[in-house]
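A.B. asks: Need coordinates for the below:
(4 chains)
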2 protein chains.
Amino acid sequence: MARSPTTSDAFNAVAEPQRRKILSLLARGEQSVNCVAASLSCTQPQVSKHLKVLRAVGLVSVRNCGKQRMYKLEGGGLKPIHDWVSGFERFWNDSFDRLALYLAEIQNQQPPAALPKMPPLPD
Amino acid sequence: MARSPTTSDAFNAVAEPQRRKILSLLARGEQSVNCVAASLSCTQPQVSKHLKVLRAVGLVSVRNCGKQRMYKLEGGGLKPIHDWVSGFERFWNDSFDRLALYLAEIQNQQPPAALPKMPPLPD
DNA sequence: TTGACATATTCCGATATAGGTATATATTCC
DNA sequence: GGAATATATACCTATATCGGAATATGTCAA
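C.D. replies: Numbers count the residues shown, from 1 in each chain, chains lettered A, B, ... in the order given. Purely as a prediction, here's the structure:
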């Protein structure tokens, strides 16, 4: 079996740096294909192919506007990634460490009736 | 040119679903290779290869323990992904919409001296 | 040393990519 | 209709994957 297709989900689509740049560009608003190609200084066919991948996973949508095709960011498609990565936030955010410290402190004086609930572990 | 190697960065390493599952497993704590293989019900060589990729991008670390090798999650490696995706939070979080609504409201009465600063757009 | 266990590596095949170039499709204007 | 512009697709090459099976490496124990 080969690697998962880039069109299988947002994770794979976003692994390509050029596609991430395209999404960041479109976060500023709708843009035509040539406009994106000029901003990224790469060829038009490449941009068309990248946009096709992004569209396949629902990260962008298209609208016909004369002979142009305006591509718009559908940022909601990134939420699954955000949700998954957020499950690991404790591993770089030291506020979790501070919470643990606080727990240790107050437990030296008197154990709390109910322990503060920690965010759940990722799946 | 071919697709970026899976070892090029966290984005590519995490595009593979099995590797995401491995990271979620290790979030519970250190585990040996066979233990991971059993939990995911896949072969040991596959797990070894996935862990090699994850190690190459700094998402896990290893520790020798007798004949076992204990793999530990290095969650900080996921922060670049979190940072990048968070730049798009406005596209699925409606609190940004509520802020815009609030701005429109108060501007109908009297323009504020300084507008509340919106989070910056992603790069 | 030999055996048993844990892990890593190698070889294979099928597949899918990204970039480049050329070309096809579509729309507008004259 | 025909030219010009904007975009999409087709074809090619080099490369890198994932999974499976076999094998190599490494460590402990008797």
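A.B. asks: so who does the most centrally placed residue in chain A touch?
C.D. replies: For chain A, A:Leu78 is the residue whose C-alpha lies nearest the centre (Cα atoms, centre = their mean; 3.9 Å). Shown in contact with A:Leu78 (Cβ atoms under 8 Å, 6 or more residues apart in numbering or on different chains): A:10, A:14, A:23, A:59, B:85, B:88, B:91-92. C-beta: built from backbone N, CA, C; applies to glycine.
A.B. asks: Check the residues you listed and tell me the two furthest apart.
C.D. replies: The most widely separated members of those, counting by Cβ to Cβ, are A:Val14 and B:Trp92 (14.8 Å).
A.B. asks: Of the two, which one has the most company?
C.D. replies: Neighbour count, other Cβ atoms under 10 Å in any protein chain shown: between A:Val14 and B:Trp92, A:Val14 has more, with 26 against 16.
A.B. asks: That one contacts A:Arg20, doesn't it?
C.D. replies: Yes. Between A:Val14 and A:Arg20 there is a contact under Cβ atoms under 8 Å: 5.9 Å.
A.B. asks: what touches both of these two?
C.D. replies: B:Phe11.
A.B. asks: what separates A:Arg55 from DNA strand D, distance-wise?
C.D. replies: 8 Å (Cβ to the nearest atom of the strand, to the nearest Å).
A.B. asks: Would it be right to say that that residue lies in a helix?
C.D. replies: Yes. According to DSSP: H, G, I helix; E, B strand; the rest coil, the state of A:Arg55 is that of a helix.
A.B. asks: Next, count neighbours for it.
C.D. replies: 16.
A.B. asks: Over to A:Gly29?
C.D. replies: 10.
A.B. asks: Contacts only, for it.
C.D. replies: Here A:Gly29 is in contact with A:Lys72 (Cβ under 8 Å, 6+ apart).
A.B. asks: Now do stretch A:70-79: distance to the chain's middle.
C.D. replies: 10 Å (Cα atoms, centre = their mean, to the nearest Å).
A.B. asks: and that stretch with DNA strand C, contact?
C.D. replies: No. Stretch A:70-79 lies out of reach of DNA strand C by Cβ under 7 Å from any atom of the strand, never closer than 12.5 Å.
A.B. asks: mind listing which of the contacts of A:Leu78 are in helices?
C.D. replies: A:10, A:23, B:85 (DSSP state H).
A.B. asks: Tell me the most packed of those, by neighbour count.
C.D. replies: Most neighbours among those, by other Cβ under 10 Å: A:Leu23, with 27 neighbours.
A.B. asks: Tell me how far that one lies from DNA strand D.
C.D. replies: Where DNA strand D is concerned, A:Leu23 sits at a distance of 16 Å (Cβ to the nearest atom of the strand).
A.B. asks: count of neighbours near the residue nearest to A:Asn34 when sequence neighbours are not counted?
C.D. replies: Computed as Cβ to Cβ, 6 or more residues apart in numbering or on different chains, the closest residue to A:Asn34 that is not its neighbour in sequence is A:Gln44, at 6.1 Å. Look at A:Gln44: counted by other Cβ under 10 Å, it has 12 neighbours.
A.B. asks: can you pull the contacts of A:Gln44?
C.D. replies: So A:Gln44 contacts A:33-34, A:37 (Cβ under 8 Å, 6+ apart).
A.B. asks: wait, doesn't A:Leu73 sit right on A:Arg55?
C.D. replies: No. Contact criterion Cβ under 8 Å: A:Leu73 and A:Arg55 do not qualify, at 11.2 Å.
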